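>>> got a predicted structure here, sequence first:
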Amino acid sequence: MVLKGNSMRNNEERIRVAIAEDHQILRQGIVALLEDEENLNLVFDVGDGLELIEKIKENPVDVLILDLNMPKMDGETCLPIILKLYPNLKIVVLSAYFSEPILNFVLELGATCFLPKLSDFSVLLDAIVSVHQKGFYSIEESKKEKRLNLELEMKENFTPRELEILKLLCEEKTSKEIAEDLFISHRTVEGHKLRIMEKTKTTSTSGIIIFALRKGYFR
């Protein structure tokens, strides 16, 4: 899907960003948040590596947010292909699996930086701006954000069970799957979801995930 940039600033002044992420709800959440940023021009978002390669040929970008695990062609395969075509492209890799070996492997492939999925949205924004302006971004710069997690949980007054369900929703689990994972009834899950929506002032699962992205839960 090709997206229009924010008209409040000239397109030439904004950082051109693209997203390749196969989890639709997570991608929609990131898209919704990035569209609100005046200094960014969200050019397109796709759900697989093959579509990414086709789209980027027609729509040049400055920074690519890339998921490693995608259908048709994964991020590991398409990353060097894209960099061969566009060696100056800055690539921010997102992954659910964050470790030192994976970090080193991704950087060896040519990625500019590597972030865990569901990092605080402000960390993702900082990374986009940093790689565009300085050519690098260190995950060490974001560690100070982690201490805010407990404060956020206390502020929103979530119960332990609500936090469990919120985390599983962010992993794109359905209510039925959550009920099976937690050994509770589907009706109980729906009741918790309603209370989570009340506390987050949202009206849907995608709204809950956007809230979690903005607040920086489960990084």
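Cool, got the structure.
>>> ramachandran angles for residue 54?
phi -70, psi -40 (degrees, to the nearest 10).
>>> the one helix or strand residue 66 maps to pairs with which strands, parallel or anti?
For residue 66, the host element (DSSP states H and E) is strand 63-67. Counting by DSSP bridges, the strands paired with strand 63-67 are strand 15-20 (parallel), strand 90-95 (parallel).
>>> show me the domain layout of the chain.
Domain assignment for the chain, taken from automatic domain parsing, gives 11-137, 149-215.
>>> for those domains, which one ends up most surrounded?
Compared across the domains of the chain, domain 11-137 shows the largest average neighbour count, a mean of 18 (mean count of other Cβ atoms under 10 Å). Any C-beta I mention is one placed from the backbone N, CA and C, and that applies to glycine too.
>>> so how far is that one from its chain's centroid?
9 Å (Cα atoms, centre = their mean, to the nearest Å).
>>> lowest confidence element among the helices and strands of this protein?
Lowest by mean pLDDT, DSSP states H and E among the helices and strands of the chain is helix 148-156, with a mean of 47.
>>> excluding its backbone neighbours, what's nearest residue 186?
The shortest distance from residue 186 to any non-neighbouring residue, by Cβ to Cβ, 6 or more residues apart in numbering, is to residue 179 (4.7 Å).
>>> where's that neighbour, which helix or strand?
Going by DSSP H and E, residue 179 is in helix 175-182.
>>> for that helix, packing partners?
Counting contacts by 3 or more Cβ pairs under 8 Å, 6 or more residues apart in numbering; DSSP states H and E, helix 175-182 is packed against helix 160-170, helix 186-200.
>>> again, only using 6 Å
helix 186-200 (3 or more Cβ pairs under 6 Å, 6 or more residues apart in numbering; DSSP states H and E).
>>> could you dump the helix it packs on to CSV, C-alpha only?
Taking C-alpha atoms only, helix 186-200 is exported to CSV below (Å, rounded to 0.1, in the frame of the first residue of the first chain):
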residue,chain,number,x,y,z
HIS,A,186,-13.2,-17.3,25.8
ARG,A,187,-15.8,-15.2,27.7
THR,A,188,-13.2,-14.4,30.4
VAL,A,189,-10.7,-13.2,27.8
GLU,A,190,-13.3,-11.0,26.2
GLY,A,191,-14.1,-9.5,29.6
HIS,A,192,-10.5,-8.7,30.2
LYS,A,193,-10.2,-7.2,26.7
LEU,A,194,-13.1,-4.9,27.4
ARG,A,195,-11.5,-3.7,30.6
ILE,A,196,-8.2,-3.2,28.8
MET,A,197,-10.0,-1.1,26.2
GLU,A,198,-11.6,1.0,28.9
LYS,A,199,-8.2,1.7,30.6
THR,A,200,-6.5,2.4,27.3
